[in-house]
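S.K.: this is the structure alone, sequence omitted:
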Ligand code: AHR
């Protein structure tokens, strides 16, 4: 099948590929990580709603946090001869083979949100996502000024091997390494979930005599921080007052925690990003113009003290 002409969504109310004299809706397969936390389901919902608006036939596959499920989903999209594949990869490794299969089948792959670690960058067209390293640096910079560069930190890491866990940690550490009296004293993965964050904070509380000498909790996402807040309250501690609480996502429950004074800062990871992702893909399907390997979506820092805008 040969793509000979493109009609934009605005003109015909749908994203259509012209093949010969017939118009077909663009079919895209989307392999999503799962539904952990509050951010991910919001992202999935947005992707589905935006696809509808754009007239895109979206085949959505929830991998339930398992990379092997993603590999199956991608192979099934290849078999279905979709026009493009979007992957939000659970972890960065293990992608070379399946991406090569998609390339051999002539199906372009786009990364959304998370990154992959592949030698051959031609295996995907581009990645459309926020800068996780910047998010870690923003969290670290906020904490450096709030603690005046003196802080023992406990860290709740995201899913081991995932791009946001790797990059947020790196970015945060890059900033605090400039301050000799800032250091991470405990660090453990809470797998990006509320329950995981709660368990990890319970262990930190035990191991540090009720967070004695701990000045801050840095969580790689809000849900783990919300779990940490629960654990601290159950231990009679005052999160946001006894201990600085800084995390990433800025989900509605974290906005409430910030307003209640239980948390101090959250870096926003936008979830309504279908409007950034689909136009990149549909334009590329139209003109195949080479794209930069990363289309960056901005991230913003929100603090409890910041006036409403
Ligand atoms: O990949 C982005 C991260 O994944 C979000 O920060 C987290 O909430 C989600 O699980």
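M.R.: Right, received. Where do you want to start? Quantities reported herein were computed from a predicted structural model and do not represent experimental measurements.

S.K.: the ligand contacts on the stretch 201-309 of the chain?
M.R.: 221, 248-249, 269 (C-beta under 6 Å from any ligand atom). C-beta: built from backbone N, CA, C; applies to glycine.

S.K.: ok, residue 150 - contacts?
M.R.: 179, 181-182, 215 (C-beta atoms under 8 Å, 6 or more residues apart in numbering).

S.K.: can you put these in TSV and add secondary structure?
M.R.: Output for those, formatted as TSV (DSSP: H, G, I helix; E, B strand; the rest coil):
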residue	secondary structure
179	coil
181	strand
182	strand
215	coil
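
S.K.: which two of those residues have the greatest separation?
M.R.: 179 and 215 (11.8 Å; C-beta to C-beta).

S.K.: what sits in contact with each of the two?
M.R.: 150-151.

S.K.: of the two, who's got more company?
M.R.: Shown here are residue 179 and residue 215; by other C-beta atoms under 10 Å, residue 215 has more neighbours (19 against 16).

S.K.: what's the closest non-adjacent residue to that one?
M.R.: residue 151 (4.0 Å; C-beta to C-beta, 6 or more residues apart in numbering).

S.K.: wait, a strand at the one you found?
M.R.: Yes - counting by three-state DSSP, one finds residue 151 located in a strand.

S.K.: what's near enough to touch it?
M.R.: 143-144, 176, 179, 181-183, 215-216, 244 are the contacts of residue 151 under C-beta under 8 Å, 6+ apart.

S.K.: got phi/psi on the closest residue to the ligand within the stretch 201-309 of the chain?
M.R.: Using C-beta to the nearest ligand atom, the single residue of the stretch 201-309 of the chain nearest to the ligand is residue 221, 3.6 Å away. Torsion angles at residue 221 (phi, psi; degrees, to the nearest 10) stand at phi -150, psi 170.

S.K.: ok, it - contacts?
M.R.: Per C-beta under 8 Å, 6+ apart, neighbours of residue 221: 37, 39, 158, 164, 192, 247-249.

S.K.: could you dump those residues into TSV and include neighbour count and secondary structure?
M.R.: Shown next, in TSV, are the contacts of residue 221 (neighbours: other C-beta atoms under 10 Å; DSSP: H, G, I helix; E, B strand; the rest coil):
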residue	neighbour count	secondary structure
37	25	coil
39	22	helix
158	29	coil
164	25	helix
192	28	coil
247	30	strand
248	31	strand
249	29	strand
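
S.K.: what about stretch 296-309, average pLDDT?
M.R.: What stretch 296-309 shows for mean pLDDT is 80.

S.K.: cool, and stretch 231-239?
M.R.: Mean predicted confidence for stretch 231-239 is 98.

S.K.: what's the answer for stretch 94-105, then?
M.R.: Mean predicted confidence for stretch 94-105 is 98.

S.K.: what lies in contact with that stretch?
M.R.: Against stretch 94-105 from outside (C-beta under 8 Å, 6+ apart): 67, 71, 74-75, 77-78, 81, 85, 87, 89, 108-109, 116-120, 122-124.
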